[in-house]
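A.B. asks: With the sequence up front, the predicted model follows.
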Amino acid sequence: MEAPPGQQHAQATTAGARLTREQRRANTRERLLGAARSVFARSGFHGASVEEIASEAGFSTGALYSNFDGKEDLFLVLMEREIAEHAREIEDAVRQQASISERATGGARQWMTMIEREPELLLLFMEFWAYGVRDPDVRPKVAERFAQMRQVLTRLIADGVREFDLELALPAEQMAVAIDALADGIARQKLADPQAVPDELMGRVLALLFSAATRPATGTDRRSGA
């Protein structure tokens, strides 16, 4: 049964107000995350304060605490979002390539571009990693965020092996761990001594790694879709 016109108007007004509150809350969170990104990059995790972040976003600290549990929670949310964005960029760069070797070099090229584009963000992640591994309560939360990239790498490796009819000498998950560790190490070396690390180095190493770790799939693997 259709509601009377007056009731319909009241329902629409209430729904509109609820949507507006949700939109305002989403906008507040986005502004706080944007401010946090700038402040953390500028001051580091330890040097940043909730007061500075809230002020840069144009809010009181009350607005920050109504959306996040505190500085640590705010950084974890920011970290999750940034890693997801970087993972999408790498995935896009990888999937455009026509061979497993070219996929390796394409992903590496994108990683080196990100190091050059946002060195302060990578330094911030390293700082937070050091902070997290010292605190047993924080460590699982940090590990969960860093696992995001390994999960993407695992999927890309498994997809590439299947699409190019190859098999791996070790599990895709372990390959992803090795590649993630290589990427972190290359980033540290590049930031410390840019001249010592050619931009193409990581791509060349990854291409060699995949060449050594893959072989044509056997007939059994082809039939099973492995």
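C.D. replies: Yep, that arrived.

A.B. asks: which stretches of the protein form strands?
C.D. replies: Assigned by DSSP state E, the strands in the chain fall at 166-168, 214-216.

A.B. asks: Using JSON lines, lay out those together with mean neighbour count, mean pLDDT and distance to residue 204.
C.D. replies: For glycine as for every other residue, the C-beta is placed from the backbone atoms N, C-alpha and C. As requested, these are arranged in JSON lines below (neighbours: other Cβ atoms under 10 Å; pLDDT from 0 to 100; distance: least, Cβ to Cβ, whole Å):
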{"stretch": "strand 166-168", "mean neighbour count": "17", "mean pLDDT": "95", "distance to residue 204": "19"}
{"stretch": "strand 214-216", "mean neighbour count": "13", "mean pLDDT": "94", "distance to residue 204": "16"}
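
A.B. asks: JSON lines for these, including distance to residue 26?
C.D. replies: JSON lines is the format used below for the strands of the chain (distance: least, Cβ to Cβ, whole Å):
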{"stretch": "strand 166-168", "distance to residue 26": "42"}
{"stretch": "strand 214-216", "distance to residue 26": "44"}
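
A.B. asks: shaky segments in the chain?
C.D. replies: By pLDDT under 70, the weakly predicted segments of the chain are 1-19, 219-226.

A.B. asks: Closest to the centroid, which residue in it?
C.D. replies: Geometric centre of the chain, nearest residue: residue 83, 1.1 Å, by Cα atoms, centre = their mean.

A.B. asks: can you pull the contacts of the residue lying closest to it once chain neighbours are set aside?
C.D. replies: What sits nearest to residue 83 in space, not counting adjacent residues and going by Cβ to Cβ, 6 or more residues apart in numbering, is residue 148, at 4.8 Å. Residues touching residue 148, when contacts are defined by Cβ atoms under 8 Å, 6 or more residues apart in numbering, comprise 80, 83, 84, 87.

A.B. asks: Roughly how far does the nearest residue in space to residue 96 that is not next to it in sequence sit from residue 138?
C.D. replies: Counting by Cβ to Cβ, 6+ apart, residue 96 lies nearest to residue 106, which is 6.5 Å off, once chain neighbours are set aside. With distances defined as Cβ to Cβ, to the nearest Å, the gap from residue 106 to residue 138 amounts to 34 Å.

A.B. asks: Phi first, then psi, for residue 135.
C.D. replies: Main-chain torsions, residue 135, degrees, to the nearest 10: phi -110, psi 110.

A.B. asks: Against residue 160, how distant is residue 206?
C.D. replies: Separation of residue 206 from residue 160 (Cβ to Cβ): 12 Å.

A.B. asks: So if I had to pick from residue 106 and residue 138, which one is more boxed in?
C.D. replies: Here residue 106 and residue 138 are set side by side on neighbour count (other Cβ atoms under 10 Å), and the busier one is residue 106, at 21 against 15.

A.B. asks: Just list the residues touching that one, thanks.
C.D. replies: With contacts defined as Cβ under 8 Å, 6+ apart, the neighbours of residue 106 are 93, 94, 96, 97, 203.

A.B. asks: let's see it at 6 Å
C.D. replies: Contact criterion Cβ atoms under 6 Å, 6 or more residues apart in numbering gives 93, 94, 97 as the residues in contact with residue 106.

A.B. asks: How about residue 93?
C.D. replies: 106, 107, 110.

A.B. asks: Please convert those residues to a markdown table, extending it with distance to residue 188.
C.D. replies: Written out in a markdown table, the entries for the contacts of residue 93 read as follows (distance: Cβ to Cβ, whole Å):
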| residue | distance to residue 188 |
| --- | --- |
| 106 | 22 |
| 107 | 18 |
| 110 | 18 |
